[in-house]
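>>> Next input, structure requested:
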Amino acid sequence: MFSFPIKLYDRLWYLVRQTFILMLALTALRFFFLFWNWQVYSVETPLSLINSLVVGWRFDASALAILLSPLILLRLLPFTEGRLERGGFLFFHRFWLCFSVLLLLVPNISDTEHFHFIHRRSTLDLFANPKDFRALLLPIMAQYWWLILGAFLFIGGVLRVSLKLREKPLPLRFGPLGWSLHFIVLLAATVLIARGGLQRRPMNASHAFLANPSANLAALSLNSTYTLLRSMKARHIEPLHYFPDNQELGDSLRAMQTFVERPVQLSNVIILIMESMGTEFMGIPNHQESRIPFVESFEHKGLLFENNFANGGETGFVFDSVLASLPQMMPGSIIGSAYETNKIIGLGSILKGYGYQTFFFHGGPRGLFYFDIRARRLGFDQHFTMADYGDKDFDGEWGIFDEPFLQFMASKLEQAREPFAAAFLSLSNHPPYKLPQGYKPPHSEWTPKEQTALYADQAIETFFARVREFSWFKNTLFVITGDHAPFEKHARYVADPLGGNRVPLVFYHPKETLPQMGRSLRITQQADIIPSVLDLLGLAAKERDKITPFGRSVFTDQKPGLALVYHFGSHGLISGGDYSVLTADGQWQQNSIDPLFFNLEPSLPHVELEKHDNLLKAFVQFYHFALIENRLYP
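Here you go, the predicted structure:
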């Protein structure tokens, strides 16, 4: 069955030449994509364009390795010796090669024009409505006949050259041992190229944002075949039709936001996102000694919201909700979904337009849960992790303990050029709730979770003690919130379906008096942070087209507060003492939150609850439409 010696290098030389031809074709199509969409890319610098084009080879190579892997395997196996140029092997080889060439080239050609409409590379959502797709296919072909003709000629030329390739005899032959070693190395290389490199997690389409500062440049780097293949196993959502006009729906939701013209005051911005810092750790709402006394003390010098809600139930969702005003309204995060290359404007991207330096700090390993990609795509350019800090204060599980890493953050920001914006994501208050050696918790009777909550609170306090001496301190807006809440200690938080979403929210400016101070019972959410920060900086009215319609400024919006949550396929809207739910099967439920447990705004009258039904459906339908069509912004 196996025939040795094998003319392995003859086969490898064939694969090298075939790969070169297809990489050359894909590079030519990327230049065509750039030329055809020059109106979009003419504002970019030559260096950024060259960088995007070079990064694109990584996605081309990955798509090629995935599609050509059956042919690579066929060329490496010993039982195909002498059989590749005849019979069934020849037929399969030619069929798969033609299929691969078509799948590599057709999507990249069609996206040259399709990019004008969706502003991203195509995914399988292109075929989400088969009936509409079939109805539009012939009119589109008639309109773009010249593109189809050019594609036919180009693909025909590539196929002609590829099918003409033959193995060229080389003098080297290999026996079983030599073949085995080469087979293992080449198979490993194919897998490595397909996964995009040696990084912690396999490459996905969002990696294009690591090397590119904008969604348009990321689209230039991406390969349409890659995004289609990637979306085969990615999460999708379906279009909804509660209301007839999606564009009008978005306009109506934006009209509900209130932004006032304020003088521009470009304060620095520091956002501290604390792991599992839930409302259950607060003192007053729970009639207990506070587990986060320093955070709670900001009610005396800033603004503290005790009825604030996390829009998602996991850390991965906090990037979009806190830093992009985009709540979780689908299973899983946008990273890893079919919409991961959508245009999403983060706080960092907006502030960079006003000369801000942007930083993101997280004490875990670089690449953990794609945090580096998430931060970069939202405009936070300089990313500091455990790799920059070292292993000295490693907790043995997740990364660097909060207190030393916050001090590291302070040292990095001490000489930062103003204005700057920095976001910090903590990690200590996370199972297994480890504390640094030598740290003695003052309350041994508290649970490990409560003790690490207090440790994280003290880490914030020592951070403030240090930065209070810095020249930029008095010109800095501080925001503190939790990423999500834990489920422990208080039975009511376990029983309450919203227990995992209750996190405090703090705004504090040492020099400026906020429009509102003290402790507020208003319902707020993480998605309100961007509108509120931009409002205080005097930028909200100017940049309203870059703010999603899901959040509101807590300082200017006089309407009752609201929060959007998502649990296991069901969407929720909280306002007053009421919790409205739109279930996964489209059913409407109305729940009341027990006022004995939580200090809340008054419940809404029945006529307002009827509006809740439509408002929640409007938010959900617009979210689906905006992601599928890549139209979050006007």
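>>> State the phi and psi torsions of the closest residue to L304 other than its chain neighbours.
Distances taken as C-beta to C-beta, 6 or more residues apart in numbering place R519 nearest to L304, at 4.9 Å, with adjacent residues excluded. Just so you know, the C-beta spots here come from the backbone N, C-alpha and C atoms, and that holds for glycine as well. When read as degrees, to the nearest 10, the backbone of R519 gives phi -110, psi 130.
>>> three-state assignment of A465?
Here A465 is helix, with the state taken from DSSP: H, G, I helix; E, B strand; the rest coil.
>>> should've said G250
G250 is classified as helix under three-state DSSP.
>>> For the closest residue to A626 other than its chain neighbours, give me its contacts.
Ranked by C-beta to C-beta, 6+ apart and with sequence neighbours excluded, the top spatial neighbour of A626 is L632, at 4.4 Å. In this structure, L632 makes contact with L326, N342, K343, I344, I345, T548, A626, judged by C-beta atoms under 8 Å, 6 or more residues apart in numbering.
>>> do I118 as well
When the contact criterion is C-beta under 8 Å, 6+ apart, the partners of I118 are E629, N630.
>>> Kindly report the same for the one 4 residues further on.
Contact partners of S122, counting by C-beta under 8 Å, 6+ apart, are P107, S110, D111, H114, S224, T227, L228.
>>> will you turn the residues you listed into CSV that also has pLDDT, neighbour count and distance to T315?
Converted to CSV, the contacts of S122 look like this (pLDDT from 0 to 100; neighbours: other C-beta atoms under 10 Å; distance: C-beta to C-beta, whole Å):
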residue, pLDDT, neighbour count, distance to T315
P107, 94, 23, 34
S110, 91, 18, 37
D111, 92, 26, 33
H114, 86, 18, 34
S224, 95, 29, 31
T227, 92, 26, 26
L228, 91, 22, 29
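>>> now, among the contacts of L632, which is nearest to G438?
Each of these was scored against G438 by C-beta to C-beta, and L326 proved nearest at 41.0 Å.
>>> What about that closest one, how many residues nearby?
Burial of L326, expressed as a neighbour count using other C-beta atoms under 10 Å, amounts to 29.
>>> pretty sure it is in contact with F550, am I right?
Yes - between L326 and F550 there is a contact under C-beta atoms under 8 Å: 6.5 Å.
>>> what sits in contact with each of these two?
Common neighbours of L326 and F550, counting by C-beta under 8 Å, 6+ apart, are A527.
>>> Can you tell me which of the contacts of L632 has the most neighbours?
L326 (29 neighbours).
>>> and that one, that's in a strand?
No - counting by three-state DSSP, L326 falls outside a strand, being coil.
>>> could you check the distance from it over to G346?
L326 is 9 Å from G346, where distance means C-beta to C-beta, to the nearest Å.
>>> Now do the shared contacts for these two.
Common neighbours of L326 and G346 (C-beta under 8 Å, 6+ apart) do not exist.
>>> got the buried residues for stretch 50-62?
N51, S52, L53, V55, G56, R58, F59, D60, A61, S62 (16 or more other C-beta atoms under 10 Å).
>>> could those go into TSV alongside distance to L582?
TSV is the format used below for the buried residues of stretch 50-62 (distance: C-beta to C-beta, whole Å):
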residue	distance to L582
N51	44
S52	40
L53	45
V55	41
G56	41
R58	41
F59	38
D60	42
A61	44
S62	39
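>>> ok, of those, which one's closest to I270?
The closest of the buried residues of stretch 50-62, once distances to I270 are taken by C-beta to C-beta, is N51, at 29.8 Å.
>>> Not counting its neighbours along the chain, what's nearest the closest one?
Nearest-residue entry for N51: A211, 6.4 Å, with adjacent residues in sequence omitted and distances by C-beta to C-beta, 6+ apart.
>>> Over to R291?
Taking C-beta to C-beta, 6+ apart, and ignoring the residues beside it in sequence, R291 has F281 as its nearest neighbour in space, at 3.8 Å.
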